[in-house]
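S.K.: Quick one: sequence plus predicted model below, questions after.
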Amino acid sequence: GPLMAAAFAGADVSIGALALANQTRHAVNQRLAAVFGQADLLLLPTSPVPAFGCAGPLPTVVGGVEVGPAACALYTSPFNLSGHPVAS
């Protein structure tokens with residue numbers, strides 16, 4: 001289904017892209033470390049789109065703007081990247 005296709009979309013990523021992703025992850029972790037220096041907990045929305053079925057289609061529009069199939073993960077992706085624990 002569409003969720004599995006999205007999960008495997010990056011299976012053939014180049015070493016340069018992986019290096020850039022690692023640099024981005026480091027930068028996100030540094031920013032989050034500064035945030036968690038001032039707060040013990042963040043309460044944030046997890047998705048900018050309404051719930052959708054696992055059969056799809058994946059939402060691609062947020063607030064009338066086409067953002068692609070990652071629309072449902074816009075708010076959680078920084079924490080997915082950083083590896084910080086979350087609950088939804």
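M.R.: Yep, that arrived.
S.K.: what helices or strands is the biggest helix by length in the chain leaning on?
M.R.: When the chain is parsed with DSSP state H, its longest helix is helix 15-36. Judged by 3 or more C-beta pairs under 8 Å, 6 or more residues apart in numbering; DSSP states H and E, helix 15-36 is in contact with helix 77-82. For glycine as for every other residue, the C-beta is placed from the backbone atoms N, C-alpha and C.
S.K.: Only the buried residues of the helix it packs on, if you could.
M.R.: By 16 or more other C-beta atoms under 10 Å, the buried positions in helix 77-82 come out as 78-79, 81-82.
S.K.: check contacts around the residue most central in space within the chain.
M.R.: In the chain, the C-alpha nearest the mean C-alpha coordinate belongs to residue 77, at 1.6 Å (C-alpha atoms, centre = their mean). The contact partners of residue 77, taken as C-beta atoms under 8 Å, 6 or more residues apart in numbering, are residue 70.
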